[in-house]
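Visitor: What would the 3D arrangement of this be:
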Amino acid sequence: MCTGRWAKCTGDLLFPLALCCIVANILLFFPNGEVWGKEQLTESVWYFPGVIGGGVLVLLPASVMRAAGMKGSCFANRCGMMVSMLLSAVGVAGALYCMIVSAVGLQDGPLCDTGDSIFSYPFFNETLNYLFNQDVWDMCEHPKNVVLWNIVLFSILLGVGTLETVLLLSQVANGLLGCLCGTCMNNRQVH
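Guide: Below you'll find the model as predicted:
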């Protein structure tokens with residue numbers, strides 16, 4: 001097994017996942033594809049779970065992981081694997097942040113106008129779970145389809161954040177192994 005190749009493969013997988021988080025977070029700023037004011041957007045969106053947590057804090061270790069798996073790179077050694085392991089731990093924190101904020105966004109529900117021109121959280125502290133009861137989604141009149149918009153995008157952030165966490169934790173273990181044993185197995189060994 002080559003820890004450098006594992007790091008490169010993991011880094012390659014993390015790039016599209018981080019970009020997916022960034023795009024999903026940006027789309028949350030435009031419910032139903034429309035522009036709304038700051039006071040009309042769900043509070044969880046403003047914590048930037050996909051841009052900061054699942055995006056930037058994951059792209060950083062992904063870049064180092066990719067470099068750790070490339071021959072001739074200054075990171076393709078034990079020290080580089082240690083740096084990749086430490087940055088992967090930072091990435092885990094970012095992915096967990098993305099997951100937690102997304103879960104809170106799903107739990108609280110969207111900020112919307114229920115017909116009285118006042119934006120509020122109609123599903124906050126409800127005993128009936130709005131996620132599985134589409135009949136209550138019509139409570140939100142403006143923006144149209146904001147409930148479905150938030151559920152889909154926060155669910156994407158939650159799912160991708162979970163996958164990023166698993167991949168980054170695997171790189172923490174791989175980085176530790178790479179620190180102890182080097183980036184590749186002994187070339188004289190039969191594979």
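Visitor: What separation is there between P49 and C98?
Guide: In this view, P49 and C98 are 4 Å apart by Cβ to Cβ, to the nearest Å. Using the backbone N, CA and C atoms, a C-beta is placed for each residue, glycine as well.
Visitor: Mutual contacts of these two, please.
Guide: Listed as contacting both P49 and C98 by Cβ atoms under 8 Å, 6 or more residues apart in numbering are C21, L157, G161.
Visitor: what is the mean pLDDT for stretch 30-45?
Guide: The average pLDDT for stretch 30-45 rounds to 88.
Visitor: contact partners of that stretch?
Guide: With Cβ under 8 Å, 6+ apart, stretch 30-45 has contacts from 25, 28-29, 46, 101-102, 104-105, 108, 110-111, 113, 119, 143-146, 149-150, 154.
Visitor: Please pick the buried ones from the residues you listed.
Guide: 25, 28, 101-102, 105, 108, 110-111, 113, 119, 143, 146, 149-150, 154 (16 or more other Cβ atoms under 10 Å).
Visitor: Which ones among the residues you listed lie within strands?
Guide: D113, F119 (DSSP state E).
Visitor: now, which of the buried ones among the contacts of stretch 30-45 lie within helices?
Guide: Assigned to helices by DSSP state H, the following of those qualify: N25, L28, V101, S102, G105, D108, V146, W149, N150, F154.
Visitor: coming back round to it: so of the shared contacts of P49 and C98, which ones are in strands?
Guide: Among those, no member falls in strands (DSSP E).
Visitor: ok, of the residues you listed, which one's closest to A62?
Guide: Nearest to A62 among the shared contacts of P49 and C98, counting by Cβ to Cβ, is C21 at 11.9 Å.
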